[in-house]
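Engineer: A predicted structure for the sequence below; I have some questions about it.
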Amino acid sequence: MDINFNKNEDHNKLLVSDMLQKLAKVKLGGGQKRIDKLHAEGKMTARERIDYLLDDKAKNIEIGAFVGEGMYEEHGGCPSGGVVVKIGYIKGKQCIVVANDATVKAGAWFPITGKKNLRAQEIAIENRLPIIYLVDSAGVYLPMQDEIFPDKEHFGRIFRNNAIMSSMGITQIAAVMGSCVAGGAYLPIMSDEALIVDKTGSIFLAGSYLVKAAIGENIDNETLGGATTHCEISGVTDFKAKDDKDALDRIKNIVSKMGDFEKAGFNREKSIKPALEQKDIYGILPKSRSEQYNMMEIIKRLVDNSDFDEYKAGYGQSIITGYARIDGWAVGIVANQRLVSKTKKGEIQFGGVIYSDSADKATRFIANCNQKKIPLVFLQDVTGFMVGSKSEHGGIIKDGAKMVNAVSNSVVPKFTVVIGNSYGAGNYAMCGKAYDPRLIFAWPSAELAVMGGAQAAKVLMQIEAASLKAKGEMIDEAKETELFNKIKAKYDAQVSPYYAASRLWTDAIIDPLETRTWISMGIEAANHAPIEKKFNLGVIQV
């Protein structure tokens, strides 16, 4: 191993270590004192409930663990968005589980909480996955009600999705394991089956204090909307559980009796580990985002037996396309190549840049995968499309548009891994969040932005300097450097993978060695949903 490999390895392992430390802190939710308080009340935490519900030793993946990172600090923060979401297995059946974290503001809904819940429902709808709600929430976080209540992508959309999923035949099971108040009370009752835990679970449109204020009635919360009331008087809930574990055991029993589903029929063979050492990824991926490396070496450490059938290897070399298997599943891979290459005409193609021929190749490959019903995996390390007069005269906008069109209209499931740079229109063409990947996740080395920090800071600094000069202020070299560093520091914070993950621009930040698991479980989920549309590029300039 050369010294650069060792430096890269140390750097990337430190990034993973930092990510794991952040994750450990996130998993404490509102903190140990609040966890202890829940336990004293005879309740389990959101994560304990999910761990008990999911099959032991079976793989699972967490969606949005870093949601809320660095947000709402003036309100005390919102770790994981106050809700835990995992895709895993219950009695061998793949499901998605959503659990309110009552240690975070009593499970109240912040704006990002609503976005994360909607993302969980979107995954369930796209993949026809059964969804389990473990409800323990005080409802909308009132100080921010204007940002969570009335709009299309706000709180009310949850119940609309409940209704849509019911009409689609997607199983929804809800367990009320704590508070369930006001508008939130509709979620469990719009599910197929609703359970409630005795003495700790409650459902009502208005609690006892509000009832007293509104109509003058004196009543306690248990009588108003406890388990006995709703299981024996109102008939709102279907089962009364004695405690959390009893409710979770009941859910396991319900899921165990569910019938099988119609499958999409994606091709799968026996899984084979990569022939090349996966841990070498740490040493191959460079410390500097501007350095070259061979993306093919990354691919061979992600795919089964390190076998990759490259499509159009000698053409459009700044994008790699080809067929492989990941955990046995057949996939088509579209990846940015970070090596500088030469065309047959002797022209230089810079790594990480999309050229006209690369976009043309990717468009055709995406169409081929759609024809063959092969899921697509995008490996992003892209700085954008090539600029300049030669590219513009050659029709780079048209070729880029064709690639974006193919990605947009693709009917096979798409999965996106942000490995390094994800800048500008390159993010779009390589299936960024706006293009509906079934899952999109990042390595700790990722950066997402319109452009890199240094380039953006130079542009913004020039604009700011021109503005100051127009006002008659003198800008010397030291002032320009100070201004540049200030702007770059702010921009660098925004290109961080944690900034993106906190806002759900990506579903997760993961250790690169978990990539195969995420893609495999994602395709398994997608296999629940038969493809009902035909691939059609529509109107496009050839």
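Structural biologist: Nice, thanks for sending it over.
Engineer: how about the helices in the stretch 301-450 of the chain?
Structural biologist: Taking DSSP state H, counting those that start in this stretch as the criterion, the stretch 301-450 of the chain contains helices spanning 356-372, 389-393, 396-409, 424-429.
Engineer: As PDB, could you dump the C-alpha coordinates of stretch 408-416?
Structural biologist: Extracted in PDB, the C-alpha atoms of stretch 408-416 (Å, rounded to 0.1, in the frame of the first residue of the first chain):
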ATOM      1  CA  SER A 408     -37.200  11.400 -14.700                       C
ATOM      2  CA  ASN A 409     -39.200   8.900 -16.700                       C
ATOM      3  CA  SER A 410     -37.400   5.800 -15.500                       C
ATOM      4  CA  VAL A 411     -40.000   3.300 -14.200                       C
ATOM      5  CA  VAL A 412     -37.600   0.800 -12.600                       C
ATOM      6  CA  PRO A 413     -36.600   1.700  -9.000                       C
ATOM      7  CA  LYS A 414     -33.600   4.000  -8.600                       C
ATOM      8  CA  PHE A 415     -31.100   4.100  -5.700                       C
ATOM      9  CA  THR A 416     -28.600   6.900  -5.300                       C
END
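Engineer: got a list of contacts for that stretch?
Structural biologist: 366, 369-370, 373-378, 380, 407, 430-433, 435-441, 518-519, 522-523, 526, 531, 533-538 (CB atoms under 8 Å, 6 or more residues apart in numbering). Every residue, glycine included, has its C-beta placed from N, CA and C.
Engineer: can you check stretch 494-508 too?
Structural biologist: 22, 61-71, 112, 115-116, 119, 418, 433, 439-449, 452-453, 493, 509, 518.
Engineer: what's the model's confidence in that stretch, averaged?
Structural biologist: For stretch 494-508, the mean per-residue pLDDT is 95.
Engineer: residues of it that come out buried?
Structural biologist: 495-508 (16 or more other CB atoms under 10 Å).
Engineer: Would you mind measuring the gap between the ends of that stretch?
Structural biologist: 16 Å (CA to CA, to the nearest Å).
Engineer: Same check on stretch 333-342?
Structural biologist: End residues of stretch 333-342 are separated by 22 Å (CA to CA).
Engineer: next one: that stretch to chain centre, how far?
Structural biologist: Offset of stretch 333-342 from its chain centre (CA atoms, centre = their mean, to the nearest Å): 25 Å.
Engineer: quick one: buried residues of it?
Structural biologist: 333, 334, 335, 336, 337, 338, 339.
Engineer: Please apply the same query to stretch 201-212.
Structural biologist: Under 16+ other CB under 10 Å, the buried positions of stretch 201-212 are 201, 202, 203, 204, 206, 207, 208, 211.
Engineer: all strands for the stretch 151-300 of the chain, in order.
Structural biologist: 172-181, 193-197, 202-204, 239-241 (DSSP state E, counting those that start in this stretch).
Engineer: if we can go back for a sec, ok, of the buried residues of stretch 201-212, which one's closest to residue 149?
Structural biologist: residue 206 (16.1 Å; CB to CB).
Engineer: That closest one reaches residue 214, doesn't it?
Structural biologist: Yes: contact criterion CB atoms under 8 Å: residue 206 and residue 214 qualify, at 6.6 Å.
Engineer: So, low pLDDT: which residues of this structure?
Structural biologist: For the chain, applying pLDDT under 70 flags the ranges 1, 183, 451-453, 539-542.
Engineer: number of nearby residues for residue 320?
Structural biologist: 27 (other CB atoms under 10 Å).
Engineer: any idea how far residue 378 is from it?
Structural biologist: Using CB to CB, to the nearest Å, residue 320 is found at 11 Å from residue 378.
Engineer: which residues are common contacts for those two?
Structural biologist: Joint contacts of residue 320 and residue 378 (CB under 8 Å, 6+ apart) are 333, 334, 335.
Engineer: Tally up the residues packed near the residue nearest to the first one when sequence neighbours are not counted, please.
Structural biologist: In space, and not counting its chain neighbours, residue 333 is closest to residue 377: 5.0 Å by CB to CB, 6 or more residues apart in numbering. Other residues within reach of residue 377, judged by other CB under 10 Å, total 28.
Engineer: again, but for the one 4 residues further on
Structural biologist: As a burial measure, residue 381 scores 28 neighbours (other CB under 10 Å).
Engineer: residues contacting the nearest residue to it once chain neighbours are set aside?
Structural biologist: Excluding the flanking residues, the one nearest residue 381 by CB to CB, 6+ apart is residue 420, at 3.6 Å. Counting by CB under 8 Å, 6+ apart, residue 420 touches 285, 289, 338, 352, 380, 381, 443, 445, 446, 447.
Engineer: Show me the residues you listed that map onto strands.
Structural biologist: Under the assignment DSSP state E, those contribute 380, 381, 447 to strands.
Engineer: Switch those residues over to CSV; also include distance to residue 166.
Structural biologist: Formatted as CSV, the ones in strands among the contacts of residue 420 follow (distance: CB to CB, whole Å):
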residue, distance to residue 166
380, 36
381, 41
447, 41
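Engineer: Pretty sure residue 76 sits against residue 108.
Structural biologist: No: judged on CB under 8 Å, residue 76 makes no contact with residue 108 at a distance of 10.8 Å.
Engineer: On the three-state scheme, residue 538 is what?
Structural biologist: coil (DSSP: H, G, I helix; E, B strand; the rest coil).
Engineer: In space, what's closest to it - neighbours in sequence excluded?
Structural biologist: The nearest residue in space to residue 538 (CB to CB, 6+ apart) is residue 409, at 6.5 Å.
Engineer: any idea how far that neighbour lies from residue 130?
Structural biologist: 29 Å.
Engineer: Please apply the same query to residue 242.
Structural biologist: Residue 242 is 24 Å from residue 130, by CB to CB.
Engineer: neighbour count winner among those two?
Structural biologist: Shown here are residue 242 and residue 130; by other CB under 10 Å, residue 130 has more neighbours (22 against 11).
Engineer: Strand 172-181 and the helix or strand that contains residue 96, what's the angle between them?
Structural biologist: Using DSSP states H and E, residue 96 sits in strand 93-100. On the basis of axes from the mean of the first three to the mean of the last three CA atoms, to 10 degrees, strand 93-100 is oriented at 10 degrees to strand 172-181.
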